[in-house]
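Peer 1: Got a predicted structure here, sequence first:
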Amino acid sequence: MTDKKILLKNIFFTILYAIFTLILVLHHEIWADEAQVWMLAKYLSVPELFKHLVNEGHPSLFYLLMMPFAKTGMSIFCMQFVCWISTVISVFLLLQYSPFSKGAKLAIITSAGFLYFFPVLARTYSVLPMLVFFTAILYPKSEKHPFLYSTILFITANIHVIMLGFVGILGCIFAYDNIIKPWKQLQKTEKQKYISAVFIVFLGMFLVWLQLHGTTSSNAFIKYDFGNIISNTFSVTTKFFVDAYDARFSDTFEYLTISNTIFCILIVSIILYITFFVILFKTNKKMFLIALCGVGFQFVVYILAYNYCVYVSRIFCAHIIVLFALWYVMNDKNTTEKTKKVINITLILFLIITLFNGIKYSLWDMLYNYSAAKPTAEFVEKNINKENSIIITDNIPYCMSLIYYLDGKYDIYSALTKKSIKYIVWDKTMYHFLSEEGWDDYMQYMKTVDKEFLTKKLYVVLPTFQKYMFDVNNLKNFKKIYESKDTVLKFEGYRIYEYTGSNK
């Protein structure tokens with residue numbers, strides 16, 4: 001087949017992929033993490049954003065990219081489009097330039113990450129496959145294109161902190177291969193060129209540190225935990241391999257109850273993943289080091305600071321680093337055909353396990369609401385008078401998508417601060433949850449300190465899961481007026497209560 005026919009075939013399959021995933025994007029309801037990014041981009045100035053980032057735990061680049069769209073009143077679909085088109089581009093790069101077999105390419109594209117979680121969920125992770133695949137293409141040519149190569153690494157580091165291990169080891173290897181090792185043979189201009197390129201890479205990493213170095217003090221959820229390393233390692237490892245097979249475990253934030261099926265999936269996935277690293281170690285120590293540092297850094301982050309949230313998108317951010325290393329090995333002329341065959345078969349077996357997860361979430365997002373925020377917002381607009389009402393919540397993170405859908409029409413107030421909520425501040429105020437009796441006491445107290453509570457109708461909005469955690473199934477002096485239907489994302493259903501107690 002000629003190069004032109006191959007190109008046209010790959011464009012055709014990329015278009016099919018783009019159409020399928022775009023349909024999913026258009027059916028997808030915004031959820032809390034997506035809403036948070038958009039609201040920060042909309043309401044914070046650039047200086048305010050940089051001040052807030054230490055609380056957010058993410059570098060600035062993606063937020064800055066969204067700011068022009070958000071601040072000019074455009075739809076959040078702009079953010080969805082950026083994430084979707086980035087994944088579509090990554091699929092084309094994979095089809096056109098990667099050395100994997102047709103079966104392995106198909107397994108990658110139909111894996112849970114690429115079939116659903118990268119293109120549909122509008123998060124910073126969605127941009128990373130495109131950047132990593134561009135890096136894979138440029139890596140053998142980095143000596144000829146040092147500034148393009150280093151710029152992509154700079155961008156990758158500033159998209160998400162979990163890529164620092166990958167970017168850091170590539171920066172070190174570039175410095176060794178192009179500066180340290182051939183130093184005596186380099187011309188002055190070459191030294192300047194390569195040193196400048198390395199500077200760009202490590203400047204990008206330094207800027208991430210500069211923005212986020214106080215996160216563990218500012219963010220109530222991201223804390224170093226050195227006392228539970230063994231249990232955290234078990235938890236992270238289990239979720240890393242099982243959540244890609246069935247993401248509902250991360251959705252409910254529950255530790256896994258390992259059934260026989262789940263146990264088999266876990267063991268098989270671990271064996272196949274170890275196989276990748278054994279192949280890399282035997283064929284190319286440099287690629288083994290890149291994969292080890294890139295994936296290992298992410299494991300360290302999860303084990304020490306973020307072990308309860310190992311989402312599928314994050315899992316596949318580690319997988320694309322392994323793909324990068326295998327990509328190079330497959331292209332290496334010293335790699336035997338037998339090794340290439342083993343790589344392709346192992347990739348197919350490893351990723352096909354996640355296919356069901358991607359199909360399941362694709363169908364669910366088409367048939368049901370991913371989040372109940374949109375229909376809940378529609379209920380509020382139809383049934384609650386904006387001019388004569390106050391809507392309050394004590395659980396800001398899980399109401400964030402509802403706040404997005406009501407933005408500009410209704411305000412939701414924090415029970416702690418009674419300020420209108422525009423975005424989440426991940427500090428200890430989030431732990432100010434009210435019990436069943438607490439809500440009535442709160443209303444009684446607020447009537448003594450705020451005249452608005454005497455003149456307006458009062459409503460409380462709570463996530464449906466909160467009734468199990470904080471005993472708020474039936475609030476005293478409150479009438480339940482709305483409960484959303486079941487959603488794909490288990491913790492984004494809502495209940496609305498009208499306060500029926502005396503306003504005197």
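Peer 2: On my side now, so go ahead. Note that the structure is a prediction, hence the values are computed from the model and not measured. Numbering: from 1, shown residues only.

Peer 1: switch to C-alpha atoms for all contacts and neighbour counts from now on
Peer 2: Fine.

Peer 1: domains of this protein?
Peer 2: Domain assignment of the chain by automatic domain parsing yields the ranges 142-213, 373-499.

Peer 1: Nearest to Leu355 among these would be which one?
Peer 2: domain 373-499 (17.5 Å; CA to CA).

Peer 1: Between the two ends of that closest one, how far is it?
Peer 2: Distance across domain 373-499, first residue to last, is 21 Å (CA to CA, to the nearest Å).

Peer 1: same check, this time on stretch 219-231
Peer 2: Where stretch 219-231 begins and where it ends lie 22 Å apart, using CA to CA.

Peer 1: ok so, going back, can I get the domains of the chain in a markdown table including distance to Phe114, mean neighbour count and mean pLDDT?
Peer 2: Below are the domains of the chain laid out as a markdown table (distance: least, CA to CA, whole Å; neighbours: other CA atoms under 10 Å; pLDDT from 0 to 100):
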| stretch | distance to Phe114 | mean neighbour count | mean pLDDT |
| --- | --- | --- | --- |
| domain 142-213 | 18 | 19 | 96 |
| domain 373-499 | 18 | 18 | 86 |
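
Peer 1: Need the nearest residue in space to Trp31, chain neighbours excluded.
Peer 2: Ser401 (4.9 Å; CA to CA, 6 or more residues apart in numbering).

Peer 1: Next up, the contacts around that neighbour.
Peer 2: The contact partners of Ser401, by CA atoms under 8 Å, 6 or more residues apart in numbering, come to 30-36, 371, 373.

Peer 1: how about a cut-off of 7 Å?
Peer 2: Counting by CA atoms under 7 Å, 6 or more residues apart in numbering, Ser401 touches 30-32, 35, 373.

Peer 1: Let's have the domains of the chain in a markdown table, adding distance to Tyr43.
Peer 2: Output for the domains of the chain, formatted as a markdown table (distance: least, CA to CA, whole Å):
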| stretch | distance to Tyr43 |
| --- | --- |
| domain 142-213 | 19 |
| domain 373-499 | 7 |
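
Peer 1: ok, back up a step: what two of the contacts of Ser401 are the furthest from one another?
Peer 2: Taking CA to CA, the two most distant members of the contacts of Ser401 are Ala35 and Ala373; they sit 10.5 Å apart.

Peer 1: hang on, the earlier thing: any idea how far the residue nearest to Trp31 is from His27?
Peer 2: According to CA to CA, Ser401 and His27 sit 16 Å apart.

Peer 1: next one: Glu48
Peer 2: 33 Å.

Peer 1: And these two? Which one has more around it.
Peer 2: Ranked by neighbour count (other CA atoms under 10 Å), Glu48 and His27 place His27 first, with 17 against 11.

Peer 1: Please name the nearest non-neighbouring residue to the more buried one.
Peer 2: His27's closest residue in space is Met366 (CA to CA, 6+ apart), at 5.9 Å.

Peer 1: which residues are in contact with whichever strand or helix holds that neighbour?
Peer 2: Using DSSP states H and E, Met366 sits within helix 355-367. By CA under 7 Å, 6+ apart, the residues outside helix 355-367 that reach it are 24, 27-28, 110-112, 115-116, 244-247, 488.

Peer 1: give the contact list for the residue nearest to Lys71 when sequence neighbours are not counted.
Peer 2: Nearest residue to Lys71 in three dimensions, chain neighbours excluded: Lys42, at 4.9 Å (CA to CA, 6+ apart). Residues in contact with Lys42 (CA under 7 Å, 6+ apart) are 67, 70-71.

Peer 1: Just the closest of these to Thr335, please.
Peer 2: Distance ranking of these against Thr335, using CA to CA, places Met67 first at 45.8 Å.

Peer 1: And what about Val460, helix, strand or coil?
Peer 2: Under DSSP: H, G, I helix; E, B strand; the rest coil, Val460 falls in the strand class.

Peer 1: what about the helices in the stretch 1-150 of the chain?
Peer 2: Assigned helices in the stretch 1-150 of the chain, in chain order: 3-27, 32-43, 46-56, 61-71, 77-97, 102-109, 112, 118-120, 128-138, 146-159 (criterion: DSSP state H, counting those that start in this stretch).

Peer 1: Ok, which of those comes nearest Lys409?
Peer 2: helix 32-43 (14.5 Å).

Peer 1: what pLDDT, on average, does the closest one get?
Peer 2: The average pLDDT within helix 32-43 is 95.

Peer 1: Stretch 18-25 now?
Peer 2: For stretch 18-25, the per-residue pLDDT averages 98.

Peer 1: Just the buried residues of that stretch, please?
Peer 2: The neighbour-count check on stretch 18-25 (16 or more other CA atoms under 10 Å) flags 18, 21-22, 24-25 as buried.

Peer 1: and which of the residues you listed is nearest to Ile270?
Peer 2: Using CA to CA, the buried residues of stretch 18-25 come closest to Ile270 at Thr21, 28.9 Å.

Peer 1: didn't the closest one look like it was pressed against Phe117?
Peer 2: No - look at Thr21 against Phe117 with CA atoms under 7 Å: they stay out of range, at 10.0 Å.

Peer 1: Which among the contacts of Lys42 count as buried?
Peer 2: Buried, going by 16+ other CA under 10 Å: 67, 70, out of these.

Peer 1: Reformat the contacts of Lys42 as JSON lines; add pLDDT and distance to Leu61.
Peer 2: Formatted as JSON lines, these follow (pLDDT from 0 to 100; distance: CA to CA, whole Å):
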{"residue": "Met67", "pLDDT": "97", "distance to Leu61": "10"}
{"residue": "Ala70", "pLDDT": "96", "distance to Leu61": "14"}
{"residue": "Lys71", "pLDDT": "95", "distance to Leu61": "16"}
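
Peer 1: can you redo the contacts of Lys42 as JSON lines with distance to Thr336?
Peer 2: Formatted as JSON lines, these follow (distance: CA to CA, whole Å):
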{"residue": "Met67", "distance to Thr336": "49"}
{"residue": "Ala70", "distance to Thr336": "51"}
{"residue": "Lys71", "distance to Thr336": "54"}
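
Peer 1: Measure how buried Val342 is and give me the count.
Peer 2: Neighbours of Val342 using other CA under 10 Å come to 14.

Peer 1: Helix or strand: which one has it?
Peer 2: helix 337-352.

Peer 1: Show me which positions of that helix end up buried.
Peer 2: Those would be 340, 343-344, 346-348, 350-352, for helix 337-352 by 16+ other CA under 10 Å.

Peer 1: Summarise which helices and strands that helix is packed against.
Peer 2: Applying 3 or more CA pairs under 7 Å, 6 or more residues apart in numbering; DSSP states H and E, we find helix 337-352 packed against helix 102-109, helix 260-283.

Peer 1: could you say what helices and strands the longest one packs with?
Peer 2: When you say that, I think you mean helix 260-283. helix 229-242, helix 285-305, helix 337-352.

Peer 1: if you set the cut-off to 8 Å instead, what comes out?
Peer 2: If contacts are counted by 3 or more CA pairs under 8 Å, 6 or more residues apart in numbering; DSSP states H and E, helix 260-283 sits against helix 229-242, helix 285-305, helix 312-331, helix 337-352.

Peer 1: Buried deepest among those helices, which one?
Peer 2: Among the helices and strands packed on helix 260-283, helix 312-331 has the highest mean neighbour count (mean count of other CA atoms under 10 Å), at a mean of 22.

Peer 1: which ones are touching the residue lying closest to Leu164 once chain neighbours are set aside?
Peer 2: Closest residue in space to Leu164, ignoring its immediate chain neighbours: Ala157 at 5.6 Å, by CA to CA, 6+ apart. Neighbouring residues of Ala157 by CA under 8 Å, 6+ apart: 163-164, 167, 204-205, 208.
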